[in-house]
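Novice: sequence and predicted model, in that order:
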Amino acid sequence: MGFPTILIKAVKGTRDLLPPSTAVWNHVEAVARAVFRTYNYHEIRTPILEETQLFARGVGEETDIVTKEMYTFTDRDETSLTLRPENTASVIRAYIEHRLDQRSGVQKLYYMGPMFRRERPQKGRYRQFFQIGAEAIGSESPAVDAEVIEMVLEVLERVGMSGFKLLLNSVGDHNCRPQFVERLRQELKAVSSQLCGDCQRRADTNPLRVLDCKVEADQPIIDRLPSMQDALCDPCRTHFTAVKQFLDDRGIAYEVRPRMVRGLDYYMRTTFEVVHGALGAQNSVLGGGRYDGLAESLGSKVHSPGIGFSIGEDRLVMAVEDAHKPVPLDLFIAPLGEPALRHASVMARELRRAGLSVELVEARLKRAMELANKLGARFTLIVGENEMTAGRYALKNMSTGEQQELTRDEIAARLTVAVN
RNA sequence: GUGGGUGUAGCUCAGCUUGGUAGAGCGCCGGAUUGUGGUUCCGGUGGCCGAGGGUUCGAAUCCCUCCACCCACCCCA
């Protein structure tokens, strides 16, 4: 007593999702599942907790994600565990562990759920964030790349998003990329002193990132640096040309961004990203790409090339939320008095079983009507003594104000028609 | 990790320059007589003014320190 208890609040970078916003989340997820089904993708659920080694080897020892953003702790038996910062490595781990390569056909898997990265939070970026992703494993064909891209754009469109832009690139493979990076590193030695501070550092640690620099003053210098597009080896070039051809066939618009770089080491050949204007600085709604060497680097003896993407669900919801209208309540039942409440409760059960959303509150009628209105009820049913003895109940249409006396059966029939 | 901004009622904010211990709108609750909502009118509820310290007779207001949140860099979804 007297000592104010310190309020416990949500951990930094995490948040509570409340109604009516959760309806938008559910809608986005339902649309994604529906689209994935039509492309014959099936859900996979992997643990949120994995051995730290999985991400170190999968995502890349030197990436920002692994070096400074993971939630890692030592378990009681001394093994190092990590809250997943992304899900592709886990999916591939499961693919190898359960020998999914032995199943026939390309394995097409999708997932949705929380990921964790310990970054400084800002608009569209959280420490616990949600991704919806899919992976197609077991094919190197550029036709698969195009189909995956087509599918994810379908999700965006069906969810009501517009005004987005698809960015495309090829980052080469084990054969041509290391050579390119080395060449870039050499050329940067001559000019890095003229670049911004970040780029001077990147010139050493991650030369590819210099190409992606947004500092205005650096652009003329960056423009003169070699392009990955020109450095692609023949197989990579052929693959990329085919991907573009397949997209063109579908009438899918894209912009080739030779300088677009992705932050996960496993990407190879095709990479892509979708950006949207109204999201703040974190304007990337989804990112993805091919990862033909990932399975081997996780210990697979069979070559298991794959391609996938993941949507930033928080950002997608942010982009479509305003257009979403609240889910209405079908019926508000206003019983007058204790006997009426018992009677109405039974009626409510019947109507709910028939699929209607029903709220039931005993109160003075004026108060009940007020509540019905505030809850956005489409109809209100009044159950009083008169109604119970007559077997006919007053059903009021809340938008027109019109009211009629109906029997129980008539109410159910009338409502199911009106609601659909 | 680095910068900038903001912390006053459940929400959005005013008040701070020129110290005299709080206001608006919305929300919520109630009323305008009996079993009918939305509009209008009236009333009510609600805040240790982010926390701690300092200056002062007196601090939401001035000074210091911390904390939280937001935005941006970095990086990414």
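Specialist: Here it is on my side, so go on. Numbers count the residues shown, from 1 in each chain, chains lettered A, B, ... in the order given.
Novice: number of residues surrounding residue A:352?
Specialist: Residues near residue A:352, counting by other Cβ atoms under 10 Å, number 14. All C-beta atoms are positioned from the backbone trio N, CA, C, and that covers glycine.
Novice: repeat that for the one 3 residues further on.
Specialist: Applying other Cβ under 10 Å, we find 11 residues neighbouring residue A:355.
Novice: does it lie in a helix or a strand, and which?
Specialist: For residue A:355, there is no enclosing helix or strand under DSSP states H and E.
Novice: how far does stretch A:63-77 sit from its chain's centre?
Specialist: Centroid separation for stretch A:63-77 versus its chain: 23 Å, with Cα atoms, centre = their mean, to the nearest Å.
Novice: hmm, I was thinking of stretch A:233-242
Specialist: For stretch A:233-242, the distance to the chain centre is 30 Å (Cα atoms, centre = their mean).
Novice: against RNA strand B, how distant is the closest residue to residue A:355 other than its chain neighbours?
Specialist: Counting by Cβ to Cβ, 6 or more residues apart in numbering, residue A:416 is the residue found nearest to residue A:355 once chain neighbours are left out, at 7.3 Å. Going from residue A:416 to RNA strand B by Cβ to the nearest atom of the strand, to the nearest Å gives 20 Å.
Novice: contacts for the helix or strand residue A:416 falls within next, please.
Specialist: Assessed by DSSP H and E, residue A:416 sits inside helix A:408-419. Helix A:408-419 is contacted by residues A:330-331, A:347, A:350-351, A:354-356, A:378-379, A:381, A:391, A:393, A:395, A:397, A:406 when judged by Cβ atoms under 8 Å, 6 or more residues apart in numbering.
Novice: for it, what does the pLDDT average out to?
Specialist: On average, the pLDDT along helix A:408-419 is 93.
Novice: buried residues, it. List them.
Specialist: A:411, A:412, A:415 (16 or more other Cβ atoms under 10 Å).
Novice: mind putting these into JSON lines with distance to residue A:171?
Specialist: Compiled in JSON lines, the buried residues of helix A:408-419 are given as follows (distance: Cβ to Cβ, whole Å):
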{"residue": "A:411", "distance to residue A:171": "63"}
{"residue": "A:412", "distance to residue A:171": "60"}
{"residue": "A:415", "distance to residue A:171": "57"}
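Novice: run a quick neighbour tally on the nearest residue to residue A:280 once chain neighbours are set aside.
Specialist: Nearest residue to residue A:280, sequence neighbours excluded (Cβ to Cβ, 6+ apart): residue A:123, at 3.9 Å. Using other Cβ under 10 Å, residue A:123 is surrounded by 11 other residues.
Novice: could you do residue A:101 as well?
Specialist: 16.
Novice: now the residue in the stretch 151-300 of chain A that RNA strand B sits nearest to: how far from residue A:58?
Specialist: Closest residue of the stretch 151-300 of chain A to RNA strand B, Cβ to the nearest atom of the strand: residue A:263 (1.2 Å). Residue A:263 is 13 Å from residue A:58, where distance means Cβ to Cβ, to the nearest Å.
Novice: okay, the two: which has more neighbours?
Specialist: residue A:58 (23 against 16).
Novice: what about the more buried one, which SS state?
Specialist: Under DSSP: H, G, I helix; E, B strand; the rest coil, residue A:58 falls in the helix class.
Novice: looks like it contacts residue A:297 (just checking).
Specialist: Yes. Assessed by Cβ atoms under 8 Å, residue A:58 is found in contact with residue A:297 at 6.8 Å.
Novice: touching both of the two, which residues are there?
Specialist: Common neighbours of residue A:58 and residue A:297 (Cβ under 8 Å, 6+ apart) are residue A:266.
Novice: for stretch A:30-41, give me every contacting residue.
Specialist: A:42-43, A:108-110, A:112, A:132, A:134, A:147, A:151, A:154-155, A:158-159, A:311.
Novice: out of the residues you listed, who's nearest residue A:222?
Specialist: residue A:311 (29.3 Å; Cβ to Cβ).
Novice: what's the following helix or strand after the strand or helix carrying the closest one?
Specialist: Here residue A:311 sits within strand A:306-312, counting by DSSP H and E. Per DSSP H and E, the first helix or strand lying C-terminal to strand A:306-312 is helix A:313-320.
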